[in-house]
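Q: Any chance you could fold what I've pasted below:
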Amino acid sequence: MTASFQSQTHRAGLDVAPSQHTRIWDLPTRVFHWLLAAAVIAQIATGLGGAMEWHFRIGYALLALLLFPGVWGFVGGRWSRFASFLYWPGSVADYLRGRAHPDHLIGHSPLGALSVFAL
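A: As a prediction, the model looks like this:
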């Protein structure tokens with residue numbers, strides 16, 4: 001690479017200056033995760049507290065929440081789409097050996113992508 005081109009670009013990874021922010025997860029994904037965490041905590045609280053009517057209502061809301069990633073994986077932002085975390089087996093092996101490509105250090109890692117597809 002030429003020096004002028006290098007100074008204008010940076011590789012995605014851990015070598016980004018602390019003052020620069022790279023937004024990976026979009027607002028709908030963040031809201032989904034917070035609502036999912038709140039719903040699971042509410043399920044535990046209402047289950048242990050005996051408020052079964054609310055337990056069932058929150059359970060239905062939880063089921064509805066779980067439909068969101070399936071839809072968002074096709075229409076969401078770059079890092080949320082299923083196509084953004086399709087990795088070759090060699091990439092997974094390199095990641096497990098600690099030799100991951102810098103672009104695989106943001107978003108879903110190759111191992112994390114396998115867990116998403118397993119779900």
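Q: just how off-centre is the lengthiest helix in the chain within its chain?
A: The longest helix of the chain (DSSP state H) is helix 27-49. Between the centre of helix 27-49 and the centre of its chain there are 17 Å (Cα atoms, centre = their mean, to the nearest Å).
Q: go on, stretch 79-93?
A: Counting by Cα atoms, centre = their mean, stretch 79-93 is centred 12 Å from the centre of its parent chain.
Q: Between the two ends of it, how far is it?
A: For stretch 79-93, the first-to-last residue distance is 21 Å (Cα to Cα, to the nearest Å).
Q: mind listing what's buried in that stretch?
A: The neighbour-count check on stretch 79-93 (16 or more other Cβ atoms under 10 Å) flags 79-80, 82, 85, 87, 91-92 as buried. In short, each C-beta sits where N, CA and C put it, glycine included.
Q: How about stretch 47-58?
A: Using 16+ other Cβ under 10 Å as the test for burial, stretch 47-58 gives 55, 58.
Q: Determine how far it lies from the middle of the whole chain.
A: Distance, centroid of stretch 47-58 to centroid of chain: 29 Å (Cα atoms, centre = their mean).
Q: element containing Arg78, please.
A: Of the helices and strands defined by DSSP states H and E, none includes Arg78.
Q: Just the endpoints, please. Distance across stretch 98-116?
A: 21 Å.
Q: re earlier: for the longest helix of the chain, which positions count as buried?
A: So for helix 27-49, counting by 16+ other Cβ under 10 Å, buried means 29, 32, 36, 39, 42-43, 46.
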